[in-house]
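A.B. asks: Coordinates for the following, if possible.
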Amino acid sequence: MGDDSLYSTEDRIFLSRRNNRRAALASPSRMSWLWTVGGGLVGSIVLLWVMVQMGQASPNAKGRPALPQQDSLTQPSGTQQAALGDDRRSAAEQNGESSTPADKEIQGPALEVPREVLAMLDQRKRSLDRREEAVRQSEERLLALRAEVDKLLAQNEAMAKRIETAVAKEEQRAAGQKTAQAKALLEKERLALEQKAQLAKMYETMPPEDAAARLERMPERTAIQILRLVKTKTAGAILAQVKPERAAKLTEQLLAQTP
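C.D. replies: Residues are numbered from 1 along each chain as shown. So this is what the prediction gives:
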């Protein structure tokens, strides 16, 4: 009671009120701090989980699975959700980060995949169109070359036929010329034989003295030909009328030219 005796009743009431006021002021600030820390932890966990789920779903945006729904028992109330949102925003601001850029950065590649695919398909289509055009032009050139080759072949075939016809005509003409020449030669030989026959007949009917006189004036070659044409008996009678020296020479040449 030593201390209590120092204060009066009014003093003790005043001190009790002051202590109660301090306790009342300290309790809300402590609760607010606890809510801030708890909300920040919960917000960080939720944000990390969302980032992991979106990172797994980014390779295939179309096949992205739906987020699991929370149970109604574990779902916070409206006030708690607002508090969690405030705590999440405050924690993000304290860490110097924002959820919006992260969401854009995570969703960026998933949105770019269709554009890249469309660009690749468009480029592939243009490449196929160019190849198709090149093939079409090559086919047209080949058709033109084929037509030109066919035309040249037709021209060569026509020229070959003309050459063959000309060769055949030339051969026929040459054959005709040879035939004509052969006929002319045969006719000439026939006339020569007829003349010789007539000449031989003339010398056979001529008196041996007249025939010998004619042979002496002829060249030896012509005299020998006449003696060959006439009969042997006539030739002997004519040589008997020729001078002995001349007759000897003609007889020697007749024997030398006899086969």
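A.B. asks: Now residue 206. Its backbone dihedrals?
C.D. replies: In terms of degrees, to the nearest 10, the main-chain angles of residue 206 are phi -80, psi 150.
A.B. asks: so where do the helices sit in the chain?
C.D. replies: Taking DSSP state H, the helices of the chain run over residues 9-57, 78-95, 99-205, 208-217, 220-229, 232-240, 244-257.
A.B. asks: and these as CSV, adding mean pLDDT and mean neighbour count?
C.D. replies: C-betas here are computed from N, CA, C, even on glycine. As requested, the helices of the chain are exported to CSV (pLDDT from 0 to 100; neighbours: other CB atoms under 10 Å):
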stretch, mean pLDDT, mean neighbour count
helix 9-57, 69, 12
helix 78-95, 55, 14
helix 99-205, 84, 11
helix 208-217, 86, 16
helix 220-229, 84, 17
helix 232-240, 86, 17
helix 244-257, 82, 13
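A.B. asks: Now do residue 150 against residue 142, distance only.
C.D. replies: 12 Å (CB to CB, to the nearest Å).
A.B. asks: Repeat that for residue 247.
C.D. replies: Going from residue 247 to residue 142 by CB to CB gives 95 Å.
A.B. asks: Residue 155 now?
C.D. replies: Separation of residue 155 from residue 142 (CB to CB): 20 Å.
A.B. asks: same question, residue 203
C.D. replies: Residue 203 sits at a distance of 89 Å from residue 142 (criterion: CB to CB).
A.B. asks: and what of residue 17?
C.D. replies: Distance, residue 17 to residue 142, using CB to CB: 111 Å.
A.B. asks: same deal with residue 169?
C.D. replies: 40 Å.
A.B. asks: How about the backbone phi and psi for residue 218?
C.D. replies: phi -90, psi 160.
A.B. asks: Contacts only, for the residue nearest to it when sequence neighbours are not counted.
C.D. replies: Nearest residue to residue 218, sequence neighbours excluded (CB to CB, 6 or more residues apart in numbering): residue 226, at 7.5 Å. Residues in contact with residue 226 (CB atoms under 8 Å, 6 or more residues apart in numbering) are 199-200, 203, 215, 218.
A.B. asks: tell me the domain ranges of the chain?
C.D. replies: Residue ranges for the domains of the chain, per the TED database: 116-187, 206-257.
A.B. asks: Let me have these in JSON lines, adding distance to residue 194 as columns.
C.D. replies: JSON lines is the format used below for the domains of the chain (distance: least, CB to CB, whole Å):
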{"stretch": "domain 116-187", "distance to residue 194": "10"}
{"stretch": "domain 206-257", "distance to residue 194": "12"}
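A.B. asks: Identify whichever of the ones you listed lies nearest to residue 50.
C.D. replies: Proximity to residue 50 (CB to CB) singles out domain 116-187 among those, at 25.2 Å.
A.B. asks: just to revisit the earlier point, quick check: the gap between the residue nearest to residue 218 and residue 233.
C.D. replies: Distance from residue 226 to residue 233, by CB to CB: 15 Å.
A.B. asks: Repeat that for residue 167.
C.D. replies: Distance of residue 167 to residue 233, given as CB to CB: 58 Å.
A.B. asks: again with residue 38
C.D. replies: 172 Å.
A.B. asks: just residue 53 next, same as before
C.D. replies: For residue 53, the distance to residue 233 equals 150 Å [CB to CB].
A.B. asks: Also residue 133?
C.D. replies: Distance from residue 133 to residue 233, by CB to CB: 108 Å.
A.B. asks: Now residue 246. Nearest residue, chain neighbours left out?
C.D. replies: Nearest to residue 246 is residue 216, by CB to CB, 6+ apart, at 5.8 Å.
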